[in-house]
Structures are given as C-alpha cells and as structure tokens.
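Peer 1: here you go, sequence then predicted model.
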Amino acid sequence: MVTQEQRRRQLAREKFLRQQQRRTSARRKARMRNAAIASVLGVILIGSVALYTTGVVLGDDDDKTNASAEVTPSASAPSKAPDPCDKPAEGKVETQTWKKEPAMTIDKSAKYTMKLATTCGDIDIALKSSAAPHTVNSFNFLAGKGFFDHTPCHRLTTNGIYVLQCGDPTGQGNGGPGYTIPDENLKDKSLKENTYPAGTVAMANTGQPGSGGSQFFLVYQDSPLPPSYTPFGTISDKGMTVLKKIVAAGESTGAGDGAPNATVVIDKATVTKS
C-alpha cells in the first residue's frame, strides 16, 4: 500500500519531470528560432557583400537596367551636410531630340572650351577637339540648342570610382539626345593603368561600343576604369574647386552611389572657340 509520503514524493517527481520537459521543449524552440534568424542574417550579409563588391557601370541613354540597379537606401537615412549651392535659375529643360548625329561643324584644329555655369559655381573644361572631334562637335551642337540648360547632375559616386555624372535632361539616368556618337580617344596618354585621372571629363555609355549620347562624368579623384569611356576634356583648377565642394556635401544613399546632396543644376552650358 502506497503511503501518503510516497504519494507526495511521486507527485513531486512527476511535476519535476513535466518542468524538465517544458524547459527542454523551450530550449529546442529557441535554438530553432536562433538558427532561422542566423540564416536570414547570413543572407543579408552575403547580399551586402555582393553589393559592396559589385563594380559600378556608368550608364547612359535609355539604359533603364543600369538606372534601376542603384543601391537601395537604408531605413535610417544619413544626415545631410548643408547644401553649398544656390537655387537654380528660372527656366525649363528642353525635351527636343534628334534622329542622327549632327553634321561636323567644328574646326578640329582649333581649341574649344565648355563652360558649365552651375548653381554651385562655374566649371570650365578644355575640350579635346582634335582627339575627340565627334564628341566635341556633339557638345557644341547640344549646348547651342540649350539642351543642357536647367538639367541636374543626377549621380555622385564616392565609392570605388569618384565621379559626378551630368547631361541627362530627365535627371533619371536614362535620357539622351536621341542619337549616339562613336567612341573616341580611348588610347589617350592620360589613361594609364586603367585609371581615369582626376580632372578628366568623359562620356558615359550603356556598356556597349558607340553608345554615348549626352551624359558625361567629371572625375574628381583618380578612378580605376577600363578605357571604354571617351575622354574629351580636362577640368580647370577653379572647376575642380567647385567639383570638390559638391562632393563634400555627399550623396543621398550613404552607400557611395546616389543623387548628390548638393543642388547641382547646370543653369547654362556654352561651348566657345578660342
């Protein structure tokens, strides 16, 4: 016959076993939950590393694939530095396009200068008319039509390569003049060891030969790039000062490739023969 004391001990033992089972079950669930979290974090980390190590393509006209491949901003937006630029001049962007490259009108043996009167200051560029005549002729034509006036510089890259990209009337990275121009001057002596030196102005493109249009980039720091982008100008010292002021304000994503925080708008672009 089971005594009262034995019954009490049996009930206590059963209670202890139930508690142990619940604790074991809780620990098992916790391990499964932690494993799931670790798996998700691993995917995020791998994705982040992939974004960090992916090279940047300097996309141009109608290259919507490149335009949509920008790094997504984090949930916590970076704080912006004060805008160092003035308000844009009154006026609207021209939307005219052309079906073919303009006829050659420049003097290949003459010197030409392009002046970008921007909201952040003037950027003067000595153009390489003899080495890149199609490109310089196109810019002479487009500037004369007011094509660049009131257009924003839509992209600032501060990681891997160091450029400010301009020349898109849509401000989205996929606009252009409707025609394309051939690649030129890809063996320029300034392009050493697959590097575009600071002060270079070069054409953007879709990654395909002969796909340049109106978008171009200004290099503010030596940038490792293959010789696939027509170098057609050199920025003046004063222009470099303006460019570095723009860069100092940073870009919008905090990831090294996005819209500049500075309000960079080309109020007026002119090409002058000297």
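Peer 2: Great, that's in hand. Residues are numbered from 1 along each chain as shown.
Peer 1: grab the nearest non-local neighbour of residue 220.
Peer 2: residue 243 (4.8 Å; C-beta to C-beta, 6 or more residues apart in numbering). The way it works is simple: take the backbone N, C-alpha and C, and place the C-beta from them, glycine included.
Peer 1: now for the one you found, how many residues are close by?
Peer 2: By other C-beta atoms under 10 Å, 26 other residues sit near residue 243.
Peer 1: spit out the contact partners of it.
Peer 2: The contact partners of residue 243, taken as C-beta atoms under 8 Å, 6 or more residues apart in numbering, are 123, 164, 218, 220, 235.
Peer 1: and what of residue 113?
Peer 2: Counted by C-beta under 8 Å, 6+ apart, residue 113 has contacts 124-127, 271-272, 274.
Peer 1: give me that answer again for 7 Å
Peer 2: Residue 113 makes contacts with 124-127, 272, 274, as judged by C-beta atoms under 7 Å, 6 or more residues apart in numbering.
Peer 1: quick check: which element contains it?
Peer 2: strand 112-118 (DSSP states H and E).
Peer 1: so what touches the next helix or strand after that strand?
Peer 2: With elements assigned by DSSP H and E, the helix or strand that comes after strand 112-118 is strand 121-127. With C-beta under 7 Å, 6+ apart as the test, strand 121-127 has contacts from 112-116, 136, 201, 232-236, 238-239, 242-243.
Peer 1: what is the nearest of those residues to residue 267?
Peer 2: residue 116 (8.7 Å; C-beta to C-beta).
Peer 1: so can I have CSV of the contacts of residue 113 showing neighbour count?
Peer 2: Formatted as CSV, these follow (neighbours: other C-beta atoms under 10 Å):
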residue, neighbour count
124, 18
125, 24
126, 18
127, 26
272, 13
274, 7
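Peer 1: just the helices in the chain please.
Peer 2: 4-53, 64-67, 133-144, 237-248 (DSSP state H).
Peer 1: picking that back up, of the contacts of residue 243, which belong to strands?
Peer 2: Of the contacts of residue 243, the ones assigned to strands by DSSP state E are 123, 164, 218, 235.
Peer 1: ok, which pair from those residues is furthest apart?
Peer 2: Distance extremes for the ones in strands among the contacts of residue 243: the farthest pair is 164 and 235 at 10.3 Å, using C-beta to C-beta.
Peer 1: which neighbours do these two have in common?
Peer 2: Common contacts of residue 164 and residue 235 (C-beta under 7 Å, 6+ apart): 218, 243.
Peer 1: quick one on the thing from earlier: least reliable of the helices of the chain going by mean pLDDT?
Peer 2: Mean pLDDT is lowest for helix 64-67 among those, at a mean of 36.
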